[in-house]
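*Asks:* using only what follows, build the 3D model:
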Amino acid sequence: MVASARTWLLMIIDLICIPLALMPAAILIFSDIQPNESGFYCTDRRISYPYRAGSWGHRILGHWGFLIAMSIIVFMLGELTLYYREKGSLNDRGNADQHEYRDILTNLFVRLFKNNVIFLFGLSAEVSIVYIAKYTVGELRPYFLQVCGLNFTCTANKGLLFPNVCTGDKYTMEDSKLGFVSGHTATHFYTAIYLALYIQARWKWRGPWLVKPTVQAAFVAFAVWHSYSRVAIYHHDIYEVNRGLALGVSFASIMVLFVSDLFWGCGTAAARARSWYVATAGVPFSEDD
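*Replies:* You can find the predicted model right below:
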């Protein structure tokens, strides 16, 4: 079944919303806008930890490509499982025609598109909110004094100072002012909770009871490990990580429960999918969508 011009237009509009949601973060990262400069005391032990670059594992596992690839794999497995279950139901009936088989194939591609677009939109919006918070607050990272490069002896009587007294590398200094909130934590918990909720809604597992919760726990455990390792390498303190956790979990819950239709009633979800994505002859959606 060939999608109509209206279908393609709606899909393009949805795709355009993703870079629009990411635009605030892109503007802040690639422009000359400077984060807010928070005052500090040079004797403050909270910002006097050593500077440690992230390990190879952090650079690879923290990359957006890994998060997106992981989500696409989970969505494909979930939707293929549903597709083969629907196809099996048609085969069991014994009197299904080719039109019905094309319908469930259309369901598969529409659901894949819908799930990926909603996930990426939420991830983009969450990243923008993180960077707006970072640049607005300008909270200093735990290793700030290490990269600041003060050219005088630090004593208690120096009083409140500002980053303009530092002589360190410009780009390292700018990054050292972006402590609040932890972007790694927010993005990884957003991904973990979103995928865990998706699995809960979509994977109708009929095998051993503990397989599905084991997969869900693995996603959350990975997010916990990666997020709190940011404290171990002194890129964030535990409060910044906890705030990132709250943001990621909240955003994922909102996107799954109120934007996607994963937990909606079958009839409501099917009606919404028809009105948004398909304007072709016939009804290419079953009530199980």
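*Asks:* need the contact list for L257.
*Replies:* Contacts for L257 (CB atoms under 8 Å, 6 or more residues apart in numbering) come out as 197, 263. The C-beta positions use only the backbone N, C-alpha and C, and glycine is treated the same way.
*Asks:* do you know how far it is from I118?
*Replies:* Distance, L257 to I118, using CB to CB, to the nearest Å: 12 Å.
*Asks:* cool, Y83 as well?
*Replies:* Remark: distance between Y83 and I118 (CB to CB) = 19 Å.
*Asks:* out of the two, which sits in the busier spot?
*Replies:* A direct count of neighbours by other CB atoms under 10 Å for Y83 and I118 places I118 higher, at 20 against 17.
*Asks:* tell me the secondary structure for the more buried one?
*Replies:* Following DSSP: H, G, I helix; E, B strand; the rest coil, I118 is assigned to helix.
*Asks:* list the contacts of it.
*Replies:* Counting by CB under 8 Å, 6+ apart, I118 has contacts 255, 259-260.
*Asks:* now neighbour count too, for the residues you listed, in JSON lines please.
*Replies:* Below are the contacts of I118 laid out as JSON lines (neighbours: other CB atoms under 10 Å):
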{"residue": "M255", "neighbour count": "22"}
{"residue": "V259", "neighbour count": "12"}
{"residue": "S260", "neighbour count": "21"}
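*Asks:* for I27, state which of the residues you listed is nearest.
*Replies:* Lowest distance from I27 to those (CB to CB) belongs to M255, with 22.7 Å.
*Asks:* these two touch, right, the closest one and L195?
*Replies:* No. The pair M255 / L195 is not scored as a contact, 11.5 Å apart, by CB atoms under 8 Å.
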